[in-house]
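Novice: missing the sequence, but the structure's below:
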Ligand code: 3HC
Ligand code: NAI
């Protein structure tokens, strides 16, 4: 049963019971209306209380049902809300913990509402590329006032119940309960107190006006347009709330419904809904059951206080977990600590961190030069130089000192984790934790699963990732793991584009217009072009037949490593990040092109985007087929969280699915015929070829 029915004297209690968050799927909706009918039919019942079991009143419509016939199956949410409004006996919503989306709309259909303090209240549909589709845009302004309601609808952000209760004149909550624990009793008391009140109050009957509506909505539109950029939903939220102020309730509802249905089919909403599910799916590992016991992680050690080590340490300090930082020399420790302090101090200056919190965090940090001081740490993360010999020394020491059961992690970005694990007598305890730079800011964490990594180690680090607010994606062991392995092919294709006739600025602009946060050349300048150079030098040895453009090497030979040297593909003014095109670089590319006997051609933005994105997609298909990633959606999460792939396109895999894999393969065949490109580059990965032939998708 997805709702429970109980009788408490003259009050019927309907409890939504559809874990994890009482989503309003078909079964739950049907069950609410059945129980509502039952209460109305029972002569002894005078009033009805509706609440949610577990950790939510309700998280809203069941997102998993979207796009399936079940979402529309009667009773749909609108019908359920209508049934609540039409109940001949008063219905009281007893709201606690989480009341969102359709859950809040349901509560607004009840005659009375009582809320526990601490409840997160939101209409978050806009975050799924939608707007509230069951009356939220019409009823919330009637109980909160137009401006606070539109703020909530357009931002989708939760607001605490006790704050909402303080809005002057608000009618969202008839009463605040004194605590979650007393909510049920106080709801019963309210239900009994109003059981004879007639007519029953309906939110739809409340007035909805703004004194300066035209000016206000114009202003709201201007604000929202700037923020919404690639997403149509936020402006539709404004339109719908404006309709609430200007149209009769029924007409406003009709408009809201039309907007909702249209938005549901937009690629932007599909992308956002995909991301919502993909992020949550990423934390699940197919062969590691969700009830796998975790190891206790109460203290951390970090080896190396450089760029990554310091950032990694900050993640744990922020989560209140003590960290011991180890370095080879006192000066290195001091430098590392100074950087951590500088980062925190800048947050304090910007008002993002309170002084006492800063001190509290620094109080959790200790340092050492001796491995023997690390014995008690539950998890140690190595972030030393990227050389196998150095890693061997570190892991041999860790194997010697760490207590049994401690997890030994490496932040290596290119080395073979299985080799690192083999430096110890406990490869089952070794795992890769590949943070992205700056490690205290970037949300992505690739968790690298070695051949021998134990399942409980995997389960534990996934939990730890959540604690430090990272989105973790599991990757198997391969060169570059998921993200960097794909970016290498994207970079190669960027080089071919230069050889054929593009400038770095043209390529960057095309892919940035597509929605990437940064094009490949601006990104190279940010990360340091020397990193790619080092990788290519290795590749020239390992794979002498692999075709590369030489322009990036020529750039590095000039010492143009990027922002850190003030010059890369572009020039940089000290202290600024603006990329200024450089004529010498363009001349260098032209001279190289001429030396290859290539006559440059005009390449369209469409071709640039396709070549760069399909380069990612084809490598991703190999990664998926080899089992390096277990799901296509994991690859999307990596690219969205770590590489600035445009959110409104949902990640490379969803994008390819939406273009159609058949079309992707056709384009790749066209590129393969270009003599200046590399035919072998465009050979479709077997998985991609198969799915395209069968008319299937990655997701
Ligand atoms: N429908 C179905 N499943 C949902 C859901 C929903 N509305 N909201 C959350 N879930 C599921 C998640 O998929 C996850 O499932 P899993 O355990 O299988 O991975 C589980 O609930 C727990 O979710 P979180 O990991 O996010 O748990 P938290 O405790 O951190 O957060 C939450 C809970 C605040 C409810 C958060 O999940 C959330 O923000 N959910 C989205 C709420 C939302 O967008 N509601 C609007 C839906 S659209 C709508 O109502 C349309 C209407 O206007 C017609
Ligand atoms: P870094 O050079 O800034 O810092 C390395 C630190 O390790 C230095 O402070 C050094 O003194 C210390 N160190 C070296 N050998 C040591 C030893 N034996 N014992 C203790 N300390 C030692 O390097 P960075 O950039 O922080 O990289 C560290 C690791 O993180 C590397 O494996 C790198 O591949 C990886 N990584 C780097 C990223 C980046 O963007 N910089 C991103 C993701 C991973």
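Specialist: Great, that's in hand. Given the structure is predicted, the values throughout are model-derived calculations rather than measurements. Ligands and ions are numbered 1, 2, ... in the order given.

Novice: where's the residue in the stretch 251-400 of the chain that ligand 1 sits nearest to relative to residue 548, distance?
Specialist: Residue nearest to ligand 1 within the stretch 251-400 of the chain (Cβ to the nearest ligand atom): residue 280, separated by 3.8 Å. No exception for glycine: its C-beta is placed from N, CA and C like everyone else's. Distance of residue 280 to residue 548, computed by Cβ to Cβ, to the nearest Å: 39 Å.

Novice: now do residue 511
Specialist: 20 Å.

Novice: check contacts around the residue in the stretch 301-450 of the chain that ligand 1 sits nearest to.
Specialist: Ligand 1 sits closest to residue 443 of the stretch 301-450 of the chain, with a gap of 14.6 Å, by Cβ to the nearest ligand atom. Neighbour list for residue 443: 469-471, 641-642 [criterion: Cβ atoms under 8 Å, 6 or more residues apart in numbering].

Novice: so what pLDDT did it get?
Specialist: Looking at residue 443, its pLDDT is 95.

Novice: I'd like the numbering to begin with 351 instead of 1 from here.
Specialist: Right, with 351 as the first residue, what we last looked at is residue 793.

Novice: Looking at residue 861 and residue 898, which is more packed in?
Specialist: Shown here are residue 861 and residue 898; by other Cβ atoms under 10 Å, residue 861 has more neighbours (27 against 17).

Novice: Touching, that one and residue 870? I think so.
Specialist: Yes - taking Cβ atoms under 8 Å as the definition, residue 861 is a contact partner of residue 870 at 7.1 Å.

Novice: so what's in contact with those two at the same time?
Specialist: Common neighbours of residue 861 and residue 870 (Cβ under 8 Å, 6+ apart) are residue 962.

Novice: Residue 423 versus residue 415, what's the distance?
Specialist: Distance from residue 415 to residue 423, by Cβ to Cβ: 9 Å.

Novice: Mutual contacts of those two, please.
Specialist: residue 376.

Novice: ok, and the closest non-adjacent residue to residue 747?
Specialist: residue 721 (4.6 Å; Cβ to Cβ, 6 or more residues apart in numbering).

Novice: doesn't residue 751 make contact with that neighbour?
Specialist: Yes - the criterion here is Cβ under 8 Å, and residue 721 meets it with residue 751 at 4.8 Å.

Novice: quick one: what helix or strand has residue 832 in it?
Specialist: helix 831-850 (DSSP states H and E).

Novice: what is the rounded mean pLDDT of that helix?
Specialist: pLDDT averaged over helix 831-850 gives 97.

Novice: and it, what does it pack onto?
Specialist: strand 794-798, strand 821-825, helix 854-864, helix 870-877, helix 901-907, helix 933-945, helix 955-975, helix 982-992 (3 or more Cβ pairs under 8 Å, 6 or more residues apart in numbering; DSSP states H and E).

Novice: Pull the residues that contact the very next helix or strand once past the last one.
Specialist: Looking back up the chat, that one is helix 982-992. Using DSSP H and E, the helix or strand that follows helix 982-992 in sequence is helix 1002-1009. Applying Cβ under 8 Å, 6+ apart, the contact partners of helix 1002-1009 are 617, 620-621, 624, 836, 963-964, 966-967, 970, 982-983, 985-986, 989, 995, 999-1000, 1014, 1047-1049.

Novice: roughly how far is helix 1002-1009 from the heart of the chain?
Specialist: Its chain's C-alpha centre lies 18 Å from the corresponding centre of helix 1002-1009 when counted by Cα atoms, centre = their mean, to the nearest Å.

Novice: name the helices or strands packed onto the next helix or strand after that helix?
Specialist: The element immediately downstream of helix 1002-1009 (helix or strand, assigned by DSSP H and E) is helix 1011-1022. With contacts taken as 3+ Cβ pairs under 8 Å, 6+ apart, helix 1011-1022 sits against helix 955-975, helix 1036-1044.

Novice: is it possible to export these to a markdown table including distance to residue 547?
Specialist: Formatted as a markdown table, those follow (distance: least, Cβ to Cβ, whole Å):
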| stretch | distance to residue 547 |
| --- | --- |
| helix 955-975 | 60 |
| helix 1036-1044 | 61 |
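
Novice: now, of those, which is deepest in the fold?
Specialist: Of all these, helix 955-975 has the most neighbours on average by mean count of other Cβ atoms under 10 Å, namely a mean of 22.

Novice: Figure out how far that one is from the centre of its chain.
Specialist: 22 Å.

Novice: do the same with stretch 844-861
Specialist: With Cα atoms, centre = their mean as the basis, the mean position of stretch 844-861 lies at 29 Å from the chain mean.

Novice: Then stretch 693-713?
Specialist: The answer for stretch 693-713 is 25 Å, by Cα atoms, centre = their mean.

Novice: got the contact list for that stretch?
Specialist: Everything outside stretch 693-713 that qualifies as a contact, by Cβ under 8 Å, 6+ apart, is 660, 664, 667-668, 690-691, 790.

Novice: which of those residues lies closest to residue 640?
Specialist: Of all those, residue 668 has the smallest distance to residue 640: 25.8 Å, by Cβ to Cβ.

Novice: How is this structure divided into domains?
Specialist: Per the record, the chain has its domains at 353-614, 650-825, 833-1044, by automatic domain parsing.

Novice: so residue 401, which of the three states?
Specialist: The assignment at residue 401 comes out as strand when based on DSSP: H, G, I helix; E, B strand; the rest coil.

Novice: quick one: contacts for the nearest residue to it once chain neighbours are set aside?
Specialist: Using Cβ to Cβ, 6+ apart and skipping residues adjacent in sequence, the residue nearest residue 401 is residue 444, 4.0 Å away. By Cβ under 8 Å, 6+ apart, residue 444 lies in contact with 399-401, 407, 464, 466, 527, 533-534, 537.

Novice: try 10 Å this time
Specialist: Going by Cβ atoms under 10 Å, 6 or more residues apart in numbering, residue 444 touches 363, 365, 399-402, 407, 457, 460, 462-466, 527, 533-538, 540-541.

Novice: thinking again about what came up before, what residues are shared contacts of residue 721 and residue 751?
Specialist: Listed as contacting both residue 721 and residue 751 by Cβ under 10 Å, 6+ apart are 651, 730.

Novice: just to revisit the earlier point, from the contacts of residue 793, which would you call buried?
Specialist: 820-821, 991-992 (16 or more other Cβ atoms under 10 Å).

Novice: The one helix or strand residue 456 maps to and ligand 1 in contact?
Specialist: Assessed by DSSP H and E, residue 456 sits inside helix 452-459. Yes - among the residues of helix 452-459, 452, 455 lie within reach of ligand 1 under Cβ under 6 Å from any ligand atom.

Novice: State the mean pLDDT of that helix.
Specialist: For helix 452-459, mean pLDDT is 98.

Novice: just checking, what packs against the helix or strand just after it?
Specialist: The element immediately downstream of helix 452-459 (helix or strand, assigned by DSSP H and E) is strand 462-465. Secondary-structure packing of strand 462-465 (3 or more Cβ pairs under 10 Å, 6 or more residues apart in numbering; DSSP states H and E): strand 397-402, strand 441-445, helix 452-459, helix 511-514, strand 525-526, helix 533-543.

Novice: tell me which parts of this structure are close to ligand 2?
Specialist: By Cβ under 6 Å from any ligand atom, the residues of the chain that approach ligand 2 are 653-659, 676-678, 682, 733-736, 740, 743-744, 761-763, 784-785, 787.

Novice: before we move on, back to that, adding distance to residue 491 and pLDDT, write the buried ones among the contacts of residue 793 out as JSON lines.
Specialist: Below are the buried ones among the contacts of residue 793 laid out as JSON lines (distance: Cβ to Cβ, whole Å; pLDDT from 0 to 100):
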{"residue": "820", "distance to residue 491": "37", "pLDDT": "97"}
{"residue": "821", "distance to residue 491": "34", "pLDDT": "97"}
{"residue": "991", "distance to residue 491": "35", "pLDDT": "96"}
{"residue": "992", "distance to residue 491": "39", "pLDDT": "95"}
